[in-house]
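> Following is a predicted model, sequence given first.
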Amino acid sequence: MKGRFITFEGIEGCGKTTQIRLLDENLRSKGLATVLTREPGGTEIGDKIRGILLDPENKKMCSVAELLLYGAARAQHLEELVKPSIAEGKIVLCDRYSDSTTAYQGAARKLSPKFIKGLDSLATGGLKPDLTILLDIDPNEGLKRARSRRSLDRFEREEVSFHERVRKGYLQISREEPLRVKVVDGLRPTDEIRADITNIVEKLLR
């Protein structure tokens with residue numbers, strides 16, 4: 001089987017981590033080889049960078065440093081895990097990828113799109129997902145969910161206005177690349193969302 005690269009995106013509390021796990025279980029039940037991973041992370045080096053990026057104590061981190069750290073984690077992730085897995089014919093399911101950078105560091109942090117695109121090209125070598133599932137949800141609801149279940153990371157502590165910009169950034173990407181990015185309403189029951197995602201992925205795999 002040809003390797004595939006499927007990413008999940010969305011603001012905090014949108015439910016993507018639950019849905020990507022459910023998809024992984026579904027594909028494995030059908031005998032398909034999958035790799036479930038996340039960004040930043042997925043490797044020992046990437047997980048260390050993740051700790052720095054999400055640590056709420058790092059309040060002084062500037063936007064450019066944040067962007068560069070994401071790029072470093074992504075480059076390592078692709079080289080060590082993602083690209084080899086795709087080459088082996090596996091389905092790579094990744095919780096966040098380049099679209100997160102465009103939405104968070106671009107739309108929300110307001111860094112130069114040209115700068116972001118250049119760095120991402122360097123980090124990824126131009127590798128794009130075959131499919132991206134964007135779980136869309138109102139930022140107020142998403143933050144309510146996120147803040148009710150765990151201690152808050154550096155991004156979850158941002159103001160609602162920040163997450164509203166992130167959401168707008170994501171929706172702009174979906175308008176620009178409708179064939180790759182499929183928007184799924186994240187406010188519905190888990191089983192309904194899972195059914196929609198299953199149908200979308202099955203079309204890709206056929």
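Received, thanks. A quick note: this is a predicted structure, and the numbers were derived from the prediction, not measured.

> would you list every one of the helices in the protein?
Along the chain, the stretches classed as helices by DSSP state H are 16-29, 44-54, 63-77, 83-87, 98-101, 113-124, 139-149, 160-176, 190-205.

> what's the fifth one packed up against?
Spelled out, that is helix 98-101. strand 4-9, helix 63-77, helix 113-124 (3 or more C-beta pairs under 8 Å, 6 or more residues apart in numbering; DSSP states H and E). Any C-beta I mention is one placed from the backbone N, CA and C, and that applies to glycine too.

> re the thing from before, kindly reformat the helices of the chain as CSV containing distance to Phe8, mean pLDDT and mean neighbour count.
Shown next, in CSV, are the helices of the chain (distance: least, C-beta to C-beta, whole Å; pLDDT from 0 to 100; neighbours: other C-beta atoms under 10 Å):
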stretch, distance to Phe8, mean pLDDT, mean neighbour count
helix 16-29, 4, 97, 17
helix 44-54, 16, 98, 16
helix 63-77, 15, 98, 20
helix 83-87, 16, 98, 16
helix 98-101, 10, 98, 24
helix 113-124, 17, 96, 16
helix 139-149, 14, 90, 15
helix 160-176, 12, 98, 18
helix 190-205, 9, 97, 15
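
> Can you lay out these as a markdown table showing distance to Gly3?
Listed next are these as a markdown table, based on distance: least, C-beta to C-beta, whole Å:
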| stretch | distance to Gly3 |
| --- | --- |
| helix 16-29 | 13 |
| helix 44-54 | 20 |
| helix 63-77 | 15 |
| helix 83-87 | 4 |
| helix 98-101 | 18 |
| helix 113-124 | 16 |
| helix 139-149 | 31 |
| helix 160-176 | 23 |
| helix 190-205 | 11 |
